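Student: structure for this input, please:
(4 chains)
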2 protein chains.
Amino acid sequence: MRQTGTRDHLISTGLRLLHTQGFHASGVQDIIQAAGVPKGTFYTHFESKEQFGAEVLGRFWEQRAARTTAILSDETMSPLARLKAWFAGKITAKAESRNHAGCMIGNFSAELAVDSRLVRDRLASIFAAWTTLLATTIQEAVDAGEISITLPPETVAAFLIDAFEGAILRSKVDRDPTALIRLREIVFGSILVERHPA
Amino acid sequence: MRQTGTRDHLISTGLRLLHTQGFHASGVQDIIQAAGVPKGTFYTHFESKEQFGAEVLGRFWEQRAARTTAILSDETMSPLARLKAWFAGKITAKAESRNHAGCMIGNFSAELAVDSRLVRDRLASIFAAWTTLLATTIQEAVDAGEISITLPPETVAAFLIDAFEGAILRSKVDRDPTALIRLREIVFGSILVERHPA
DNA sequence: TTGCATAAACCGACCGGTCGGTCATATTGT
DNA sequence: ACAATATGACCGACCGGTCGGTTTATGCAA
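Tutor: Numbering: from 1, shown residues only, chains lettered A, B, ... in the order given. Purely as a prediction, here's the structure:
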């Protein structure tokens, strides 16, 4: 029987493997075996393992962007509350997960950014999109008078993402969410500080 | 001829390779070839590639700790000035380097923390030592009345390290030091803020 | 409605090369 | 003599990737 979703199936299976084990630690053989697909089929859908990796990274971001957008544009909450909810979601996700895989974006940045132009370019555009997403909500919080910032919202957003990636990396080593909780304290205590009207 | 420094030589050669190419992307063959040492010799000195990686990581930290300590305990500067000098050093190092390898500690955290218990444990102790180093200088800055902080110095130090690792990761993708400069602005603008006596 | 051409997808044996790791033997310093 | 080190040929497993051949869905002409 001819499958229609083989390509998708390979990507989602690969996403799980590449995310938890890393790119180089997962062979094409592992991936096709886990997906129950013969070797040749893999290469009818993807030029190379590298291109497959870039594709998988794209899928990861698609999913993450969808969830992030859902929280950050939830108009039942104030902009600042949305940012706090986003953080809270990250922390509980980390606390509940038992695989300690970290963030695929950070992992790929460390493992592939130097070697693979393809993956690096995709990472750059993902970082840019992520920054825009966060910057928008930060700007909304400023406009709503909830916070005041001294630097452009894009700068603050980019910092937040970087600091978040660093914290995720640390929590991967520690195998607990302490680093994320610590980051939240600093961010909402010293950077996105609520304005109390006098 | 019997060499006395073979082990050291392998470690420093491996340091260069593992740092720039990553752990999985560097074969044992690459390492021994670059070091000009036969295969067997590698395995008289190291049990496995994994153990070698942990050893190399240790060497990396030795060197980094030495340089960091030198700056952070330079009594010709005030504690806050030392922290700023430390940051400045990182930024110029990144701007001048052309390999975009990032920080080996972060890279290993992303690539090996899940798979290798050995490396993960070493990473944890490196993070702890690094935190202590920074926390000491932060405490000194507080004692000198240069800054005031609301959280324990260890917490601030750990945050600084995580945010720094995240910024390094980003600058690896961007291939420029923007993320580090941005981090400096935020850190010394909102977290380690100089007290101006009234 | 059938017959048929085409392209896409499926399939797994197979490729050369590299992987991490071993071993028997030789050489050295103490 | 003995232990530590040096040496490179060698190991089987696995690597990413290729190949020729088969099956299947689809468009179209008769």
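Student: give me phi/psi at the residue of chain A found nearest chain B?
Tutor: Proximity to chain B, evaluated over chain A using Cβ to the nearest Cβ, is greatest for A:G166 at 2.8 Å. (Glycine included, C-beta is placed from N, CA and C.) Per-residue torsions, A:G166: phi -60, psi -40 (degrees, to the nearest 10).
Student: show the contacting residues for the residue nearest to it when sequence neighbours are not counted.
Tutor: Nearest residue to A:G166, sequence neighbours excluded (Cβ to Cβ, 6 or more residues apart in numbering or on different chains): B:G166, at 2.8 Å. The contact partners of B:G166, taken as Cβ atoms under 8 Å, 6 or more residues apart in numbering or on different chains, are A:G106, A:I161, A:D162, A:A163, A:F164, A:E165, A:G166, A:A167, A:L169, B:A179.
Student: test my guess that the last one contacts B:R170.
Tutor: Yes. B:A179 sits in contact with B:R170 when judged by Cβ atoms under 8 Å, with a separation of 3.9 Å.
Student: okay, now the unreliable bits of chain A?
Tutor: A:1-4, A:197-198 (pLDDT under 70).
Student: are whichever helix in chain A runs longest and DNA strand D in contact anywhere?
Tutor: The longest helix of chain A (DSSP state H) is helix A:117-143. No. Shown here: helix A:117-143 not in contact with DNA strand D (Cβ under 7 Å from any atom of the strand), separated by at least 11.4 Å.
Student: so is that helix next to chain B?
Tutor: Yes. Using Cβ under 8 Å from any Cβ of the partner chain, helix A:117-143 comes into contact with chain B via A:R120, A:L123, A:A124, A:F127.
Student: quick check: buried residues in that helix?
Tutor: Buried positions in helix A:117-143, judged by neighbour count with 16 or more other Cβ atoms under 10 Å in any protein chain shown: A:118-120, A:122-124, A:126-127, A:130-131, A:133-142.
Student: from B:H24, how far off is the single nearest residue of chain A relative to DNA strand D?
Tutor: Of all residues in chain A, A:G27 sits closest to DNA strand D, with a separation of 2.8 Å (Cβ to the nearest atom of the strand). As judged by Cβ to Cβ, to the nearest Å, A:G27 and B:H24 stand 11 Å apart.
Student: the two - which one has more neighbours?
Tutor: Regarding A:G27 and B:H24, a neighbour count based on other Cβ atoms under 10 Å in any protein chain shown identifies B:H24 as having more, with 17 against 12.
Student: so where does the residue lying closest to A:D30 once chain neighbours are set aside fall, helix or strand?
Tutor: In space, and not counting its chain neighbours, A:D30 is closest to A:L17: 6.0 Å by Cβ to Cβ, 6+ apart. According to DSSP states H and E, A:L17 maps onto helix A:6-21.
Student: and that helix, anywhere near DNA strand D?
Tutor: No. Using Cβ under 7 Å from any atom of the strand, helix A:6-21 stays clear of DNA strand D, coming no nearer than 10.4 Å.
Student: and the residue nearest to A:D30, what does it touch?
Tutor: Contacts of A:L17 by Cβ under 8 Å, 6+ apart are A:S26, A:D30, A:I31, A:A34.
Student: most neighbours among the residues you listed, which one is it?
Tutor: Those, ranked by neighbours (other Cβ under 10 Å): first place A:I31, 23 neighbours.
Student: with that, I have no additional questions.
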